[in-house]
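Asks: I'll drop the sequence and a predicted model, then ask my questions.
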Amino acid sequence: VPIAGPDGELAEWFGAAMDVTARKSAERTLADEQARQAFLLELSDALRPLVVAAEIRATACRLLGERFGASRAFYMEYDADGGYGSVGDDYRAADLPSLAGRYPFEAFRATYERLADGRPWSVDDVAAETALAAGERAFYAARSVIAWIDVPLVKDGRLAAALCVVQAEPRGWTELERRLVADVAERTWAAIERALAEAATHASESRFRALANATPAMVWICRSPTGENVYFNDRWHEYTGQTREESAGYGWTKVTHADDWRRLAPLWERCQATGEIYAGEVRYRRRDGEWRWFIFSALPTRTATGELEAWYGTSIDIHDRKQAEQALQASVARARDQAHELETIYAAAPIGLCVLDPALRYVRINERLAEMNGLPPEQHLGRTVTEVVPDLSGQAEATLRRVLAGECIRGIEFVGTTPAQPGVVRTWRENW
């Protein structure tokens, strides 16, 4: 803004600036998250009508490969007893051959062992990956597998499969990409489980009951449109203590938490009218009186004329997971409070405090130390100790190099001058 002097002539300019870095970062984060959610919605829409596991895998790999512009995307299944991994089919760029086939564990032993612990693994350039022996790197290079993100599926303590996204040249994977592959893997495996459950409903009654009683989850069937239960597998009766007669009809609601049933009853009625997936979380009372959380999902079958016939559902105990999530949320809240307390202490401390990077540049400084040095806090940031207080640099650098090497130093004294009082020699006692 221009400011005129007494004579009417332009005398000076007044300006103001606002730091919008945080806002810009938040906008980018929001845009990335919106793009991620849009893709996951597209994936869910594409997988929802599929009932064959191979089609679900192929669709998920195709969408993921196209999204990343990847060279390949495929599922590898592992046979620990046979000692091999197999690729049934793979999404791939037009100029690349298929990797379908079986591969002995010895060809990729380090990768198998890395994934067996259940954690995703990403590699930006196989040539530079020190976790792999030369032979394994050569195995990948020969097949144009240069960079990858692998997300494993571990069942019963054993590596069962992995979703693999591959690039034929080095690629620096981002954290957002790694998260997205993990999300796709989770949703694809869930869709595969759903497809297997749907396929089971078309099997004979005896085969269905044998399969239902072999699973650790609760399995149930409700008649449409009344919603009355006509079948629970043995897991339900073992858990609740109800007999088959007691759980029939709406008897199962007697061991459903009243608060949850009031919330779910309208949804159950709507799903029976529309045929949409019935899913959510609910508490069931165990035979010893304890209430535990379950996640449930049910899909309808239809008659030849398209009318809703029955609902086939599963309920899986997630109580321990929910408790862990709640504990994590509480821990995050405590950490946030502690960080706030630390920030308050940092700002109000009567002594000088600062943080330096390995190059001895200031990355953080409180007002008290800035006053001692004779410069505003913002004029410290990004500058070295030598640049800010050159008269102390010789003493300070020698000491700080020892600190960077891992030594804790207490009570050391520095003597010299600072811009706060040029020419006045002062003494500082410091701890690092």
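Replies: Thanks, I have the structure now.

Asks: ok, which stretches of the stretch 251-400 of the chain are strands?
Replies: 278-285, 291-302, 308-317, 354-356, 362-365 (DSSP state E, counting those that start in this stretch).

Asks: The stretch 101-250 of the chain too?
Replies: Ranges of strands within the stretch 101-250 of the chain are 101-104, 121-123, 147-155, 158-167, 218-223, 229-232, based on DSSP E, counting those that start in this stretch.

Asks: wait, what's in contact with the residue lying closest to Leu196 once chain neighbours are set aside?
Replies: Among residues not flanking Leu196 along the chain, Ala53 sits closest, at 6.7 Å (CB to CB, 6 or more residues apart in numbering). Heads up, the C-betas are built off the backbone N, CA and C, glycines and all. Going by CB atoms under 8 Å, 6 or more residues apart in numbering, Ala53 touches 192, 195-196.

Asks: May I have stretch 357-366 as PDB, with CA atoms only?
Replies: Extracted C-alpha coordinates of stretch 357-366, given in PDB (Å, rounded to 0.1, in the frame of the first residue of the first chain):
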ATOM      1  CA  ASP A 357      20.400 -30.100  11.800                       C
ATOM      2  CA  PRO A 358      23.500 -32.200  11.000                       C
ATOM      3  CA  ALA A 359      24.900 -29.200   9.100                       C
ATOM      4  CA  LEU A 360      24.600 -27.100  12.300                       C
ATOM      5  CA  ARG A 361      21.800 -25.000  10.800                       C
ATOM      6  CA  TYR A 362      19.100 -23.800  13.000                       C
ATOM      7  CA  VAL A 363      15.800 -25.500  12.400                       C
ATOM      8  CA  ARG A 364      14.100 -24.300  15.600                       C
ATOM      9  CA  ILE A 365      14.900 -21.600  18.200                       C
ATOM     10  CA  ASN A 366      12.900 -20.100  21.100                       C
END
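
Asks: got the contact list for the spatially most central residue of the chain?
Replies: Nearest residue to the geometric centre of the chain (CA atoms, centre = their mean): Arg179, 5.3 Å. The contact partners of Arg179, by CB under 8 Å, 6+ apart, come to Arg36.

Asks: Check which helices and strands the helix or strand harbouring Gln37 sits against.
Replies: In this structure, Gln37 sits in helix 21-47 according to DSSP states H and E. Here helix 21-47 touches helix 53-68, helix 175-201, going by 3 or more CB pairs under 8 Å, 6 or more residues apart in numbering; DSSP states H and E.

Asks: Quick check: buried residues in that helix?
Replies: 39, 43, 46-47 (16 or more other CB atoms under 10 Å).

Asks: For that helix, give the mean pLDDT please.
Replies: Averaged across helix 21-47, pLDDT comes to 87.

Asks: related to what we said a few turns ago, right, and out of the buried residues of helix 21-47, which lies closest to Trp220?
Replies: Leu47 (23.5 Å; CB to CB).

Asks: wait, that closest one sits on Arg187?
Replies: Yes. Under the criterion of CB atoms under 8 Å, Leu47 makes contact with Arg187 at 7.0 Å.

Asks: Identify the contacts common to the two.
Replies: Residues touching both Leu47 and Arg187 by CB under 8 Å, 6+ apart: Ala60.

Asks: re the thing from before, buried by neighbour count, from the contacts of Ala53: which ones?
Replies: 192, 195.

Asks: of the contacts of Ala53, the lowest pLDDT goes to which?
Replies: Leu196 (78).

Asks: where's that one relative to Val52, distance?
Replies: Separation of Leu196 from Val52 (CB to CB, to the nearest Å) stands at 10 Å.

Asks: do the same with Asp45
Replies: Asp45 is 17 Å from Val52, where distance means CB to CB.

Asks: before we move on, what about Arg194?
Replies: Using CB to CB, Arg194 is found at 12 Å from Val52.

Asks: In terms of packing, which of the two has more residues around it?
Replies: Neighbour tally, Arg194 and Val52, criterion other CB atoms under 10 Å: the higher count belongs to Arg194, 21 against 13.

Asks: Who are the contact partners of the more buried one?
Replies: By CB under 8 Å, 6+ apart, the contact set of Arg194 is 297, 299.

Asks: again, but for Arg114
Replies: Going by CB under 8 Å, 6+ apart, Arg114 touches 121, 131.

Asks: show me where pLDDT drops low in this structure?
Replies: 200-205 (pLDDT under 70).

Asks: that older thread, how about the helices and strands packed on helix 21-47 in JSON lines, adding distance to Pro6?
Replies: Putting the helices and strands packed on helix 21-47 into JSON lines (distance: least, CB to CB, whole Å) gives the following:
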{"stretch": "helix 53-68", "distance to Pro6": "66"}
{"stretch": "helix 175-201", "distance to Pro6": "58"}
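
Asks: Show me what counts as buried in stretch 139-153.
Replies: Residues of stretch 139-153 classed as buried: 139-140, 143-153 (neighbour count, 16+ other CB under 10 Å).

Asks: right, and the pair among those residues with maximum separation?
Replies: Using CB to CB, the two most remote members of the buried residues of stretch 139-153 are Ser144 and Leu153, lying 24.5 Å apart.

Asks: In this protein, which helix is the longest?
Replies: Longest helix in the chain, counting residues (DSSP state H): helix 319-348.

Asks: Could I get the contacting residues of Ala279?
Replies: Ala279 makes contacts with 295-298, as judged by CB under 8 Å, 6+ apart.

Asks: Could you rerun that using 10 Å?
Replies: The contact partners of Ala279, by CB atoms under 10 Å, 6 or more residues apart in numbering, come to 194, 267, 271, 295-299, 313.

Asks: got it, and Glu9?
Replies: Glu9 touches nothing, counting by CB under 10 Å, 6+ apart.

Asks: Nearest to Ala348, out of the strands of the stretch 101-250 of the chain?
Replies: Closest approach to Ala348 among those (CB to CB): strand 121-123, 42.7 Å.

Asks: Show me what the closest one packs onto, helices and strands only.
Replies: Helices and strands touching strand 121-123, by 3 or more CB pairs under 10 Å, 6 or more residues apart in numbering; DSSP states H and E, are helix 109-115, strand 147-155, strand 158-167, helix 175-201.

Asks: about what we covered before: biggest separation within the contacts of Ala279, which pair?
Replies: Using CB to CB, the pair of the contacts of Ala279 lying farthest apart is Arg194 and Leu267, separated by 18.2 Å.

Asks: Format the strands of the stretch 251-400 of the chain as JSON lines; extra columns: distance to Ala217.
Replies: Converted to JSON lines, the strands of the stretch 251-400 of the chain look like this (distance: least, CB to CB, whole Å):
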{"stretch": "strand 278-285", "distance to Ala217": "12"}
{"stretch": "strand 291-302", "distance to Ala217": "9"}
{"stretch": "strand 308-317", "distance to Ala217": "5"}
{"stretch": "strand 354-356", "distance to Ala217": "51"}
{"stretch": "strand 362-365", "distance to Ala217": "51"}
